[in-house]
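K.L.:
how does the following fold in three dimensions:
(one chain, ligands or ions: 1)
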Amino acid sequence: MIDFSYTKEQVELQKKARAFAQEYMLPYASYYDKTGEFPMPIIKKAWETGLMNLSIPKEYGGLGRGLVDACIIVEEFAAGCAGMTTSIFANQLGPEPIMIAGTHEQKEKYLRPLTESPKLVSFACSEPGMGSDVAGIKTTVSKEGDEYVLNGSKFWITNAPYADYYTVFASLDSSKRHKALCAFIVDADTPGVRTGRPVEKMGHRASATASIIFRDAKIPVENILGKEGEGFKIAMKTFSLTRPAIAAFATGLARSAMEYAREYSMKREAFDSKLRDFEVIQFKLAEMYMKVETSRLLYLKAAWAADTTPDATIPASIAKAFATDAAMECASESLQIHGGYGYIDQYPVEKLFRDAKLYQIYEGTSEVQRLILGRYVLDGYKPARESPPRWVGQKAPDF
Ligand SMILES: Cc1cc2nc3c(=O)[nH]c(=O)nc-3n(C[C@H](O)[C@H](O)[C@H](O)COP(=O)(O)OP(=O)(O)OC[C@H]3O[C@@H](n4cnc5c(N)ncnc54)[C@H](O)[C@@H]3O)c2cc1C
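P.N.:
Numbers count the residues shown, from 1 in each chain. Alright, predicted model coming up:
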């Protein structure tokens with residue numbers, strides 16, 4: 001049975017998130033974008049309002065909500081401010097490896113505190129020399145007695161300077177690529193661990209992006225997630241559970257871009273008409289609306305697959321690839337409808353344009369999603385037809 005409606009609870013959640021975005025995010029989005037300050041007051045408010053850390057199981061003090069619910073919130077938040085949303089939802093990405101592979105003790109020690117105070121977590125996979133090629137991780141780990149020793153650098157890590165702990169991916173032997181990867185929980189105050197200064201970015205300026213450097217950082221053996229060699233599997237599973245949320249981010253941004261363009265087209269006049277009266281403008285709005293609606297359907301399907309099936313990789317990649325391209329296109333068309341005013345900071349669309357670009361890059365680029373999907377079509381997909389039809393030399397039916 002297919003049902004496209006939200007439950008009463010989900011409608012309430014959406015209302016709450018929309019109200020939060022309008023009251024606490026939108027009015028401050030320009031300030032944080034201009035200054036690049038970290039929006040800790042907004043993050044704390046989101047935590048107090050119960051709109052953060054949704055997926056932590058009830059057993060560990062959380063709300064135990066599924067990804068569909070988290071994505072409904074994400075769309076509303078991202079429609080308010082993409083950068084703040086990236087910082088808030090890094091707390092979905094960071095602890096995901098623990099939810100996937102953590103022991104009861106690890107979950108008790110690292111998930112419960114997130115429900116008791118507004119702590120932050122970072123997911124540390126990418127490095128200065130690699131992002132897409134996860135199996136090419138160069139940060140090393142070696143086992144010495146009761147400890148693992150980490151050496152190397154992570155780069156692009158969201159919230160790193162403010163996080164209490166990180167989930168970190170490192171290699172026992174980089175020549176063995178994915179087979180040698182391990183995942184760990186690393187406390188930020190571990191001796192030998194330090195973070196760099198946040199980098200200046202074109203968009204998502206309300207989220208802090210920084211390096212983490214490990215110099216003989218000693219991690220207790222009990223902080224490994226899963227077994228040695230399972231790091232790659234854990235990272236890929238994490239992405240399949242978080243990419244639907246990136247598609248929801250993109251949907252929220254695309255929706256805002258469309259709404260700003262709609263409002264502007266009703267006010268702005270050219271050639272003695274409102275912009276809204278030109279068919280070309282109506283077609284642009286129609287295209288944007290189709291993209292927003294399609295993106296939402298795709299992220300909901302992917303999130304539903306993540307909540308209810310063993311492997312959401314394919315719907316997650318479809319949703320991420322489609323919705324992030326759609327967001328970029330909607331931001332670009334919205335800016336175009338604003339004309340010269342779209343290009344300056346008097347209207348929010350120039351920020352949306354800068355923010356939209358990141359969605360095509362992080363958590364697997366648009367190209368990486370297409371690699372996953374291309375390989376699936378060739379090697380995983382089951383054709384509807386059992387064998388190639390007889391085509392050349394067909395005869396008239398004799399029935
Ligand atoms: C603001 C920001 C926040 C981030 N936050 C985090 C975080 O919290 N944690 C984290 O671990 N990482 C994070 N990242 C890193 C992000 O995930 C990587 O930047 C991304 O995966 C791309 O990696 P790369 O930058 O090394 O590009 P590369 O992998 O060097 O790719 C460069 C280009 O080549 C293309 N390409 C690469 N391989 C192929 C291929 N086989 N076929 C076709 N094209 C290919 C890519 O699609 C891309 O267009 C963040 C990045 C940014 C910018």
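K.L.:
what residue in the stretch 201-350 of the chain comes nearest to the ligand?
P.N.:
Nearest to the ligand, among the residues of the stretch 201-350 of the chain, is Thr209, at 4.4 Å (Cβ to the nearest ligand atom). For the C-beta atoms, the positions are set from N, CA and C on the backbone; glycine is no exception.
K.L.:
which SSE is the residue minimising distance to the centre of the chain in?
P.N.:
In the chain, the C-alpha nearest the mean C-alpha coordinate belongs to Ile246, at 3.4 Å (Cα atoms, centre = their mean). Counting by DSSP states H and E, the secondary-structure element that holds Ile246 is helix 231-267.
K.L.:
check which element follows that helix along the chain.
P.N.:
Note on helix 231-267: by DSSP H and E, the next helix or strand toward the C-terminus is strand 269-270.
K.L.:
my guess is the residue nearest to the centre of the chain meets Tyr359, correct?
P.N.:
Yes - counting by Cβ atoms under 8 Å, a contact exists between Ile246 and Tyr359, whose distance comes to 6.0 Å.
K.L.:
what's the overlap in contacts for these two?
P.N.:
In the contact map built from Cβ atoms under 8 Å, 6 or more residues apart in numbering, the residues linked to both Ile246 and Tyr359 are Ala323, Thr324.
K.L.:
and Asp216, what element?
P.N.:
Assessed by DSSP H and E, Asp216 sits inside strand 209-220.
K.L.:
pretty sure Gly203 contacts Asp355?
P.N.:
Yes - counting by Cβ under 8 Å, Asp355 is a contact partner of Gly203 at 4.1 Å.
K.L.:
the more surrounded of the two?
P.N.:
The residue with more neighbours, out of Gly203 and Asp355 and counting by other Cβ atoms under 10 Å, is Asp355; that gives 33 against 21.
K.L.:
how about the closest residue to the ligand within the stretch 101-250 of the chain, what does it touch?
P.N.:
Closest residue of the stretch 101-250 of the chain to the ligand, Cβ to the nearest ligand atom: Gly131 (1.9 Å). Counting by Cβ under 8 Å, 6+ apart, Gly131 touches Trp156, Thr365.
K.L.:
what separation is there between it and Ile185?
P.N.:
Distance of Gly131 to Ile185, computed by Cβ to Cβ, to the nearest Å: 22 Å.
K.L.:
same thing with Ile361?
P.N.:
As for Ile361, its distance to Ile185 is 26 Å (criterion: Cβ to Cβ).
K.L.:
of these two, which one has the most company?
P.N.:
Taking other Cβ under 10 Å, Ile361 and Ile185 do not tie; Ile185 has more neighbours (23 against 15).
K.L.:
for the more buried one, give its distance to Val221.
P.N.:
Ile185 is 12 Å from Val221, where distance means Cβ to Cβ.
K.L.:
now Tyr362
P.N.:
31 Å.
K.L.:
of these two, give the one with the bigger neighbour count.
P.N.:
Here Tyr362 and Val221 are set side by side on neighbour count (other Cβ under 10 Å), and the busier one is Tyr362, at 18 against 12.
K.L.:
does that one really touch Ile246, like I thought?
P.N.:
Yes - at 7.4 Å, Tyr362 counts as touching Ile246 under the criterion of Cβ under 8 Å.
K.L.:
residue numbers of the stretch 1-150 of the chain in contact with the ligand?
P.N.:
With the criterion set to Cβ under 6 Å from any ligand atom, the stretch 1-150 of the chain comes near the ligand through Ala90, Ser122, Phe123, Ala124, Cys125, Ser126, Met130, Gly131, Ser132.
K.L.:
next one: the stretch 251-399 of the chain
P.N.:
Taking Cβ under 6 Å from any ligand atom as the measure of proximity, the stretch 251-399 of the chain contacts the ligand at Leu358, Ile361, Tyr362, Glu363, Thr365, Glu367, Val368, Leu371.
K.L.:
buried subset of the residues you listed?
P.N.:
Buried residues within these, defined by neighbour count using 16 or more other Cβ atoms under 10 Å: Leu358, Tyr362, Glu363, Thr365, Val368.
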